[in-house]
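Trainee: Sharing a sequence plus its predicted fold:
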Amino acid sequence: MSDHSVSLSRWLIEQQRTHGQIPGPLRLLIEQVARACKRISHAVTRGASSGVLGSLETENVQGEVQKKLDVIANDVLLEANEWGGHLAAIASEELERIHPIPHRFPRGEYLLLYDPLDGSSNIDVNVTIGTIFSVLHLDEGVEQVQARHFLQPGRCQVAAGYCTYGPQTTLVLSLGQGVCAFTLDPEQGSFVLTQENLRIPAATQEFAVNMSNMRHWAPPVRRYIDECLAGSEGPRGKDFNMRWIGSMVADVHRVLQRGGVFMYPWDRREPDRAGKLRLMYEANPMAMLVEQAGGMAVAGATRILDIQPTELHQRASVMLGSRDEIERLRLYHLEAQAGAPA
Ligand code: AHG
Ligand code: MN
Ligand code: MN
């Protein structure tokens, strides 16, 4: 490793000191989340050798069977973040209700939301998984934090990020001024700045979607994918490639690295459910990162970051990535709404 490497801690302090971009408590918050991600990364790496694989007999609020690592990651994040004095409350995919900071600890002004372990179905097969997080500011003057205080549109996020546990452990972060990536150096035990100002190319020929759901999608989504599949003989006049890892965190990481489209759209099997992915701790943080990197993130015709949440665990239809493609998808939705043939 070069002597000139910049650790996450140094980078955060420099952002605070030189650029005045982050208040001290937010810096501490990010440091604590990163510390928790390191611990989760160690648990993931040990895998079967330390008995952390496999499922429990419990279900989370979404009705999904919990994996051991879902619960371990949730506990690690909770423990690392509740004592520091920077948070007022925490919300997690694995917790039905919000977790207000216990009275024995000082209370801060931020709200932290996370999906502790994204890509649970990939845990036991040693494929990249991750942690996704979002940070909101608590309104001033709130005595008793409640779930409704979390219900802010994604554009209000003060920070968003994720950490992937794969061949490398990578933390990708935005504080609202672009996107940076940090790679865990396992020898030093610290995250090192490896990419600054990540940019998603506007054009792409790659998409990621669970094709087995195709027959259930809405017409504008089918139209878009049909046209991609028609390749150079179809209206797009070019061939597309498909990649699907099945962990949102890893699929979105690929999009941030080299462009592409990631989708988990609404489908007609559960018409009253907006989609599979959760708005507050999956769609919103990823949408912030993608927009900060010059891409777009929509739920059909609507910008994801403009959705007004009504429930902590609500779902969203997600389409994000390279600007030209997501703009096209958005237009197909607008045309369908206007009654044009889809
Ligand atoms: P989680 O593991 O946090 O429940 O999220 C899993 C999500 C997401 O990571 C992925 O894109 C999607 O589920 C895959 O689901 P299917 O295999 O059902 O398509
Ligand atoms: Mn998830
Ligand atoms: Mn999860």
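Mentor: Sure thing, it's come through. Nothing here was measured: the structure is a model prediction, and the numbers come from that model. Ligands and ions are numbered 1, 2, ... in the order given.

Trainee: Just the strands from the stretch 51-200 of the chain, written as ranges.
Mentor: Counting by DSSP state E, counting those that start in this stretch, the stretch 51-200 of the chain has these strands, from start to end: 55-59, 65-67, 87-92, 99-100, 110-118, 129-137, 159-165, 169-174, 180-185, 190-195.

Trainee: which residue ranges form the helices in the stretch 151-300 of the chain?
Mentor: Ranges of helices in the stretch 151-300 of the chain, per DSSP state H, counting those that start in this stretch, are 219-230, 248-258, 284-292.

Trainee: Tabulate the ones you listed (CSV), appending distance to residue 327 and mean neighbour count.
Mentor: C-beta coordinates here come from the backbone N, C-alpha and C atoms, glycine included. What follows is the helices of the stretch 151-300 of the chain, written out as CSV (distance: least, C-beta to C-beta, whole Å; neighbours: other C-beta atoms under 10 Å):
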stretch, distance to residue 327, mean neighbour count
helix 219-230, 11, 19
helix 248-258, 15, 23
helix 284-292, 13, 27
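
Trainee: Between those, which one is closest to ligand 2.
Mentor: Shortest separation from ligand 2 across those is recorded for helix 248-258, at 5.7 Å, computed as C-beta to the ion.

Trainee: Show me what the closest one packs onto, helices and strands only.
Mentor: Helices and strands touching helix 248-258, by 3 or more C-beta pairs under 8 Å, 6 or more residues apart in numbering; DSSP states H and E, are strand 129-137, strand 159-165, strand 169-174, strand 206-208, strand 261-264, helix 284-292, strand 318-321.

Trainee: rewinding a little: of all the helices of the stretch 151-300 of the chain, which one is nearest ligand 3?
Mentor: Taking C-beta to the ion, helix 248-258 is the member of the helices of the stretch 151-300 of the chain nearest to ligand 3, at 9.1 Å.

Trainee: can I get the CA coordinates of that closest one in CSV?
Mentor: Included here for helix 248-258 are C-alpha records, laid out as CSV according to Å, rounded to 0.1, in the frame of the first residue of the first chain:
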residue,chain,number,x,y,z
MET,A,248,-29.2,-5.1,-5.1
VAL,A,249,-26.1,-3.8,-3.5
ALA,A,250,-23.8,-5.6,-5.9
ASP,A,251,-25.9,-4.9,-9.0
VAL,A,252,-26.0,-1.2,-8.1
HIS,A,253,-22.3,-1.2,-7.4
ARG,A,254,-21.7,-2.5,-10.9
VAL,A,255,-23.9,0.2,-12.3
LEU,A,256,-21.9,2.9,-10.4
GLN,A,257,-18.7,1.4,-11.7
ARG,A,258,-19.4,1.0,-15.4
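
Trainee: which residues sit in contact with residue 220?
Mentor: Residue 220 makes contact with 300, 329, 332-333, 335-336, 342, according to C-beta atoms under 8 Å, 6 or more residues apart in numbering.

Trainee: Looking at the strands of the stretch 51-200 of the chain, spot the one closest to ligand 1.
Mentor: Of all those, it is strand 110-118 that lies closest to ligand 1, at 4.3 Å by C-beta to the nearest ligand atom.
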